[in-house]
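K.L.:
Next input, structure requested:
(4 chains)
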Number of protein chains: 2
Amino acid sequence: MPSIQDVARLASVSTATASRALSRPDMVATGTRERVEAAAQQLGYQPNVLARSLRQKETRTIGLIVADILNPFHAMLAKGVQDAADQHGYTVFLFNSDEEPAKELRAMDTLRGHLPTGLIVAPTSGTRAHLKTLPDLPVVELDRVSGHAGSTTVTVDNLGGAITATRHLIELGHRRIGMIVGQQDISTAIDRHAGYRAALHDAQLPYDPTLVLPGHHREDDGYRAARQLLGRPAGTRPTALFIGNNEMTVGAVLAARELELDIPGDLSIVGFDDSRWAQTMSPPLTVISQPAYDLGRLACEHLINELGQPRPVTPARVQLPTELVVRHSTGPPAGDALSRAPRPHSVPPPHSR
Amino acid sequence: MPSIQDVARLASVSTATASRALSRPDMVATGTRERVEAAAQQLGYQPNVLARSLRQKETRTIGLIVADILNPFHAMLAKGVQDAADQHGYTVFLFNSDEEPAKELRAMDTLRGHLPTGLIVAPTSGTRAHLKTLPDLPVVELDRVSGHAGSTTVTVDNLGGAITATRHLIELGHRRIGMIVGQQDISTAIDRHAGYRAALHDAQLPYDPTLVLPGHHREDDGYRAARQLLGRPAGTRPTALFIGNNEMTVGAVLAARELELDIPGDLSIVGFDDSRWAQTMSPPLTVISQPAYDLGRLACEHLINELGQPRPVTPARVQLPTELVVRHSTGPPAGDALSRAPRPHSVPPPHSR
DNA sequence: GTGAAAGCGCTAACAC
DNA sequence: GTGTTAGCGCTTTCAC
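P.N.:
A predicted model of the protein is given here:
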């Protein structure tokens, strides 16, 4: 790798001039600039980011910690962050916490040594404590909030989304609506749970805690919780399910299939977060959709914007709306309008394009 | 951030000794070592990776360029790479090429400035040329091969997988088997196409080029190609489709649904690459499955292993097997055993767990 | 076993 | 406008 010394020598200038010519062209005579540029070009010179960062104490690097890159929602968050970072000349260090606080802490330690200019994190239950190890780093929390005082947050309206989802089921005539909820130390799970309760309350329906089962956001958790809820004797079994995240929804749908329940004839399902899977599933799933890409993009842009500024006393709170997308996994409960006889799965309607 | 100077001062030693105590404990007296460790602990010292890398000319960083992190297959590759890197104390810089050679080149330029210890890349059509800009960097090509002479490659047996897939359809009685094939400047697409031809040839079936449509690996390409193939008049329309990647398979399935074709009654489908979508689709899809995680893991481990060694004349070629997973999207052609009357979609069998 | 000193490649003060 | 020089934080000779 040629260094700036090589470039300077070839252009017959000092390294300082070469450096200026390349990073502050206006501080240098036109002829000199051109000579330096030609030399750099000829040698295929690429500045050593390490040396520059060490000197400037500024790496133009952003740390990103998502919970699980295999989850399409998180992959989309990452994509949004990366595209925005790219556009502003920042490089992203991506880490997975796999929802494990310990892994998240390891990622932060590694990151710390790389002196990122800022950090974007989709929090786990440990994040609030872990962020204390990075006192001077600008932090944006993405999708979930940890409670750390100094973080800017970029989230969706989880409460509103959950209310809308639950209300949709209520309006269809459901009275026994189960919920599969995420870990109660994760903000999104708490908010969605609260929304569910609020919608029931608004409709003057009782909140039955036995209809609410917890999971850890994984497909398996959704499967197990659904088996348990749907295994209840007829009459106490929920006629509809609101499920707190995308992965658990998959599990719940598989459980319903295994029990040969017709969706939505025997059971209505609303998931949180849209995906191709939800769209092409049969029947296509009614969901609360989230603007995942924009969430990631905005998190990154807010972070970069804040870098110049002094730290405000109250960090920004960005909240994006969600949207109810009604497809074919929700309908009136069986007792209402339809016979309880088992029916074949309906043919899914053509995918709209 | 405390520096090693701070640690040294607190432990009343020179920076040299502090450095040794932390990275080469055996070169230092036990008492000294303990004092330094205590000081480091107390200050929350984290070595500055930039300074270390600059000095050692070795960053313990691996560049990873995948085609599309939103594609679950590529996300899984990335996960495999990252887990392995993590385990060996390496940090991964992840980039997306989005299948665009220009983006790939940009990623490589950025990467170059960060002096990665090695590079893992899922090639685009431009990779072979681009790698010439990184002459001394150990490179592992992942999933696809670019033709670059110096790269170790970690791939699956695409030829064998395609032969198996096509033979499976032939054995079911299909004679008009269409293929939707990827870009013919991507090695996997070439190999899968060749496998398809080879299997036809082995069965003494003619190769009909009008039954083979190209796509650029995207869902939309699969959709369009399938519409075209399935729009042919009955009698010349293929009774089965072998599709060259996961995304295009989604598009093809949606096209078949739109045409209200029963799968597998009217049309058998085999996809390349398994996924949760393929498993939970109705009907569950017959696929050639690939060990994506292992592919990523092995790519990383090979790269790290090679770092010490001198560059061998002939780089390693690692090839992992694929596996035919027969589910319910393949069956005998309609003319053979079943009526051509439209039938309702069959109820998908319970998901095995 | 430990310390002094040099230097990785770069940029920013400071001269001129 | 340009050159000289110092120094970012670290590791590594080379002395002792």
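K.L.:
How about the residues of chain A by DNA strand D?
P.N.:
Residues of chain A lying close to DNA strand D by C-beta under 7 Å from any atom of the strand are A:12-17, A:20, A:27-29, A:31-33, A:51, A:54-55, A:57. (Each C-beta comes from the backbone N, C-alpha and C, glycine too.)
K.L.:
buried subset of those residues?
P.N.:
A:V13, A:T17, A:R20, A:V28, A:T32, A:R33, A:A51, A:L54 (16 or more other C-beta atoms under 10 Å in any protein chain shown).
K.L.:
what's the pLDDT at the spatially closest residue to the last one that is not a sequence neighbour?
P.N.:
In other words, A:L54. Excluding its sequence neighbours, the residue lying closest to A:L54 (C-beta to C-beta, 6 or more residues apart in numbering or on different chains) is B:L50, at 4.7 Å. Note on B:L50: pLDDT of 97.
K.L.:
list the contacts for the closest residue to A:S275 other than its chain neighbours?
P.N.:
With C-beta to C-beta, 6+ apart as the criterion, A:S275 has its nearest non-adjacent residue at 5.2 Å, and that residue is A:P72. By C-beta atoms under 8 Å, 6 or more residues apart in numbering or on different chains, the contact list for A:P72 reads A:N246, A:S275, A:R276, A:W277, B:L70, B:P72.
K.L.:
so of those, which ones are in helices?
P.N.:
A:N246, A:R276, A:W277, B:P72 (DSSP state H).
K.L.:
for those, which one is nearest B:P284?
P.N.:
Nearest to B:P284 among the ones in helices among the contacts of A:P72, counting by C-beta to C-beta, is A:W277 at 13.3 Å.
K.L.:
contacting residues for that closest one?
P.N.:
A:P72, A:N246, A:V250, B:R276, B:W277, B:T280.
K.L.:
so which of the residues you listed would you say is closest to DNA strand D?
P.N.:
Minimum distance to DNA strand D across the contacts of A:W277 is 38.8 Å, recorded for A:P72 (C-beta to the nearest atom of the strand).
K.L.:
Look up how far DNA strand C lies from that closest one.
P.N.:
Relative to DNA strand C, A:P72 is positioned 39 Å away (C-beta to the nearest atom of the strand, to the nearest Å).
K.L.:
For the stretch 101-250 of chain A, which segments count as helices?
P.N.:
A:101-113, A:127-130, A:158-171, A:187-202, A:219-230, A:246-258 (DSSP state H, counting those that start in this stretch).
K.L.:
which SS state does the closest residue to A:H168 other than its chain neighbours fall under?
P.N.:
Spatial nearest neighbour of A:H168, excluding adjacent residues (C-beta to C-beta, 6+ apart): A:L324 at 5.9 Å. Per DSSP: H, G, I helix; E, B strand; the rest coil, the local secondary structure of A:L324 is strand.
K.L.:
Give me the pLDDT for A:L324.
P.N.:
98.
K.L.:
list the contacts for it?
P.N.:
So A:L324 contacts A:G161, A:T164, A:A165, A:H168, A:T286, A:V287, A:I288, A:S289 (C-beta under 8 Å, 6+ apart).
K.L.:
repeat that with 6 Å
P.N.:
A:T164, A:H168, A:I288 (C-beta atoms under 6 Å, 6 or more residues apart in numbering or on different chains).
K.L.:
Report how many residues lie close to the first one.
P.N.:
It refers to A:T164. By other C-beta atoms under 10 Å in any protein chain shown, 18 other residues sit near A:T164.
K.L.:
do you know how far A:P333 is from A:L261?
P.N.:
12 Å (C-beta to C-beta, to the nearest Å).
K.L.:
So for these two, which sits in the more crowded spot?
P.N.:
Just comparing A:P333 and A:L261: by other C-beta under 10 Å the higher neighbour count belongs to A:P333, 22 against 19.
K.L.:
State the distance from the residue nearest to the more buried one when sequence neighbours are not counted to A:A198.
P.N.:
Ranked by C-beta to C-beta, 6+ apart and with sequence neighbours excluded, the top spatial neighbour of A:P333 is A:T239, at 3.8 Å. A:T239 sits 20 Å away from A:A198, taking C-beta to C-beta as the criterion.
K.L.:
How many neighbouring residues does the closest residue to A:R197 other than its chain neighbours have?
P.N.:
Excluding the flanking residues, the one nearest A:R197 by C-beta to C-beta, 6+ apart is A:Y207, at 5.4 Å. The number of residues packed near A:Y207 is 12, by other C-beta under 10 Å.
K.L.:
Let's see the pLDDT reported for A:Y207.
P.N.:
pLDDT, A:Y207: 98.
K.L.:
for A:H174, same thing?
P.N.:
97.
K.L.:
same check, this time on A:G308
P.N.:
A:G308 carries a pLDDT score of 81 in this model.
K.L.:
for chain B, what are the nearby residues on the stretch 101-250 of chain A?
P.N.:
Contacts of the stretch 101-250 of chain A with chain B, taken as C-beta under 6 Å from any C-beta of the partner chain, map to A:R112, A:G113, A:H114.
K.L.:
And the first one, how far from DNA strand C?
P.N.:
As for A:R112, its distance to DNA strand C is 20 Å (criterion: C-beta to the nearest atom of the strand).
K.L.:
count of neighbours near that residue?
P.N.:
Residues near A:R112, counting by other C-beta under 10 Å: 20.
K.L.:
Tell me who's in contact with it.
P.N.:
Counted by C-beta under 6 Å, 6+ apart, A:R112 has contacts B:Q46.
K.L.:
at 7 Å what do you get?
P.N.:
Neighbouring residues of A:R112 by C-beta atoms under 7 Å, 6 or more residues apart in numbering or on different chains: A:L134, B:Q46.
K.L.:
try the second one
P.N.:
With contacts taken as C-beta under 7 Å, 6+ apart, A:G113 has the following neighbours: B:Q46, B:P47, B:N48, B:V49.
K.L.:
go again using 6 Å as the cut-off
P.N.:
Residues in contact with A:G113 (C-beta under 6 Å, 6+ apart) are B:Q46, B:P47, B:V49.
K.L.:
nearest spatial neighbour of the last one, skipping sequence neighbours?
P.N.:
In space, B:V49 comes closest to A:G113 once its chain neighbours are excluded; the distance is 4.2 Å by C-beta to C-beta, 6+ apart.
K.L.:
how close does that neighbour sit to DNA strand C?
P.N.:
A:G113 is 16 Å from DNA strand C, by C-beta to the nearest atom of the strand.
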